[in-house]
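Q: Curious how this folds, go ahead:
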Amino acid sequence: MMNFLVKTIANAGALAVAVWLLDKITLTGDSTGKEVGTLIIVALLFGLVNFLVKPLVKLLSLPLLILTLGLFTLIVNALMLLLTSWLADKLDLSFHVEGFWTAVVGGLIISVVSWALHVVLPDGD
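A: Here you go, the predicted model:
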């Protein structure tokens, strides 16, 4: 349970940094509390997408991952961020990623910040 909580906090922090740095990734709300709540729900959704969909996409794109020496992972991360944005729209959450290249840069930011937060935050094991 602690590991799940740490990963959710790291995802929420990474998403918050991406929203802060990129104008085309938006998170809106009536109040700060509502924005934080939306951010946590989007972080849970992003974690679910990464848990369920990402392994399948990586398996299907394995030849491209090998051919590009892993750089295709940036594209896979961008697609997961776009899928999260689409799902958030369907769930009427105020989170949106505008455009593929914004998703690529956002995915890169989220990966780096998430990695750094996982190093700093305690592990639940």
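Q: Flag every buried residue along the helix-or-strand element of the chain with minimal mean pLDDT.
A: Among the helices and strands of the chain, helix 2-21 carries the lowest confidence by mean pLDDT, DSSP states H and E, at a mean of 90. Within helix 2-21, the residues that count as buried by 16 or more other C-beta atoms under 10 Å are 6, 7, 10, 11, 12, 13, 14, 15, 16, 17, 18, 19. Where you see a C-beta, it was placed from the backbone N, CA and C, and this is true even at glycine.
Q: if I look at residue 22, how far off is residue 10?
A: When distance is defined by C-beta to C-beta, to the nearest Å, residue 22 is 18 Å away from residue 10.
Q: for residue 72, same thing?
A: 23 Å.
Q: Now the buried residues of helix 2-21 in a markdown table, please, with extra columns for distance to residue 84.
A: Listed next are the buried residues of helix 2-21 as a markdown table, based on distance: C-beta to C-beta, whole Å:
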| residue | distance to residue 84 |
| --- | --- |
| 6 | 19 |
| 7 | 15 |
| 10 | 15 |
| 11 | 10 |
| 12 | 12 |
| 13 | 15 |
| 14 | 12 |
| 15 | 9 |
| 16 | 14 |
| 17 | 15 |
| 18 | 11 |
| 19 | 12 |
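Q: Farthest pair within these?
A: Spanning the widest gap among these are 6 and 19, at 20.4 Å by C-beta to C-beta.
Q: In this structure residue 15 contacts residue 42, no?
A: Yes: with contact defined as C-beta atoms under 8 Å, residue 15 reaches residue 42; the gap is 6.1 Å.
Q: Between these two, which contacts overlap?
A: Taking C-beta atoms under 8 Å, 6 or more residues apart in numbering as the criterion, residue 15 and residue 42 both touch residue 27.
Q: ok, now which ones touch residue 79?
A: 57, 103.
Q: Could you check the host helix or strand of it and say which residues are buried?
A: Using DSSP states H and E, residue 79 falls within helix 72-90. By neighbour count with 16+ other C-beta under 10 Å, helix 72-90 contains the buried residues 72-85, 87-88.
Q: Measure how far that helix is from the centre of its chain, please.
A: How far helix 72-90 lies from its chain's middle: 7 Å, per C-alpha atoms, centre = their mean, to the nearest Å.
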